[in-house]
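>>> need coordinates for the below:
(one chain, ligands or ions: 2)
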Amino acid sequence: MTQAKVCFIGAGNMTRSIISGLVTHGYPSDLIHATNPSKGKLDALQQDFAIEVSHDNHAAAKAAEVIVLSVKPQLMASVCEDLSSLDLADKLIITIAAGIPASRYPVYFNQPIKLIRTMPNTPTQIGYGMTGIYADDSISAEHKAICETLMQSGGKVVWVDKEAELDQVIALAGSSPAYFYLFIESMIASGVNMGMAEDKARLLAEQAALGAAQMVIQNQQLSVTELRQNVMSKGGTTARAVETLQQGGLVELVDQAMTNCVARAQEMAKTF
Ligand SMILES: NC(=O)C1=CN([C@@H]2O[C@H](COP(=O)(O)OP(=O)(O)OC[C@H]3O[C@@H](n4cnc5c(N)ncnc54)[C@H](O)[C@@H]3O)[C@@H](O)[C@H]2O)C=CC1
Ligand SMILES: O=C(O)[C@@H]1CCC=N1
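Numbers count the residues shown, from 1 in each chain. Ligands and ions are numbered 1, 2, ... in the order given. Now for the predicted structure:
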């Protein structure tokens, strides 16, 4: 049973990304249900993917074999507490929330549960997602397979042995699309400052980003440093640009940003 009846509690950005990956990869839309308090996102999901939608978390969770918790971390406790009257013994619960430790959920639900923690990212929407997954020893192979099927339809998955590693997954993959967007945004802005039309600057920057990512993926025999050095002719233009980034502290700044990302996840773990 790797294709289970699944309900997403919360129909925001990540739910849309995951459902898009699922439906595109042939997951039956009649096995997918999403809930949300407001109507707009549900209507769009129903229209785009022909899934079942409702405002009723209770009924949707009760009918599902797998419940994916997809609300903001600050709402998680109240959403779970509201579902705590359900008998969850036979259900698999998957959370995608940043920061909330697995041990917190049975407290929220006020009963023992079978929980898998995951950390996906938004490129899941187009099949280029990267999801980290953590499950403790109490989770069956069947439930792990169900979770892997759900998350793999949006891209790649990596299992982590220790729950703490999920915070590193957030820094490397969950949050990191935003770092790359900021870099591309900055390149486009600079191109525009130099007088180029924005659409042309965007095309140049986005295709270079795509090409660079594919070069990394398709040249596993080369280090990323070697790929960079292959672009940098001695005394040339790239060397001048890369030196500028290095002297400006890019490497240290990225390290600081990722360290702060992990620190925020740890802070959230104490808050929610
Ligand atoms: N956005 C991202 O790139 C990633 C987000 N996450 C995690 O995914 C979770 C959801 O994040 P997003 O999709 O970005 O947030 P979002 O704000 O886009 O979606 C959350 C949805 O939950 C709905 N909601 C609020 N109260 C509800 C309730 N009582 N019952 C049902 N639905 C309710 C909201 O109306 C909203 O549509 C968060 O816990 C976040 O940490 C994880 C990985 C990546
Ligand atoms: O920013 C956040 O907290 C979430 C988790 C990873 C991406 N977005």
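
>>> could you pull out the helices in this protein for me?
Here the chain has its helices, by DSSP state H, at 13-24, 40-49, 57-63, 73-82, 105-109, 141-152, 165-169, 176-193, 198-218, 224-231, 237-247, 250-271.

>>> buried sites along the longest one?
Of the residues in helix 250-271, those buried under the neighbour-count criterion (16 or more other Cβ atoms under 10 Å) are 258, 261-262, 264-265, 268-269. Where C-beta positions appear, they are placed from N, C-alpha and C, glycine not excepted.

>>> against which helices or strands is that helix packed?
Where contact means 3 or more Cβ pairs under 8 Å, 6 or more residues apart in numbering; DSSP states H and E, helix 250-271 is packed against helix 165-169.

>>> redo that, cut-off 10 Å
helix 73-82, helix 165-169, helix 176-193, helix 237-247 (3 or more Cβ pairs under 10 Å, 6 or more residues apart in numbering; DSSP states H and E).

>>> give me the outermost residue of this structure relative to its centroid.
What lies farthest from the middle of the chain is G235; by Cα atoms, centre = their mean that is 40.1 Å.

>>> look up how far ligand 2 lies from that one.
41 Å (Cβ to the nearest ligand atom, to the nearest Å).

>>> got the residues of this protein near ligand 1?
9-15, 35-38, 41, 57, 70-73, 75, 79, 96-98, 119-122, 174 (Cβ under 6 Å from any ligand atom).

>>> please name the residues that touch L92.
L92 makes contacts with 4, 6, 64-68, 113-116, 135, 139-140, 142-144, 146-147, 150, as judged by Cβ atoms under 10 Å, 6 or more residues apart in numbering.

>>> what separation do you get for the residue in the chain that ligand 1 sits nearest to and ligand 2?
Residue of the chain nearest ligand 1, by Cβ to the nearest ligand atom: G12 (1.7 Å). Using Cβ to the nearest ligand atom, G12 is found at 11 Å from ligand 2.

>>> excluding sequence neighbours, find me the nearest residue to the residue in the stretch 101-250 of the chain that ligand 2 sits nearest to.
Nearest residue of the stretch 101-250 of the chain to ligand 2 (Cβ to the nearest ligand atom) works out as G174 at 3.5 Å. Leaving aside its sequence neighbours, G174 sits nearest to M119 (Cβ to Cβ, 6 or more residues apart in numbering; 4.6 Å).

>>> mind putting the helices and strands packed on helix 250-271 into TSV with mean pLDDT and mean neighbour count?
Putting those into TSV (pLDDT from 0 to 100; neighbours: other Cβ atoms under 10 Å) gives the following:
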stretch	mean pLDDT	mean neighbour count
helix 73-82	97	16
helix 165-169	97	21
helix 176-193	98	14
helix 237-247	98	11
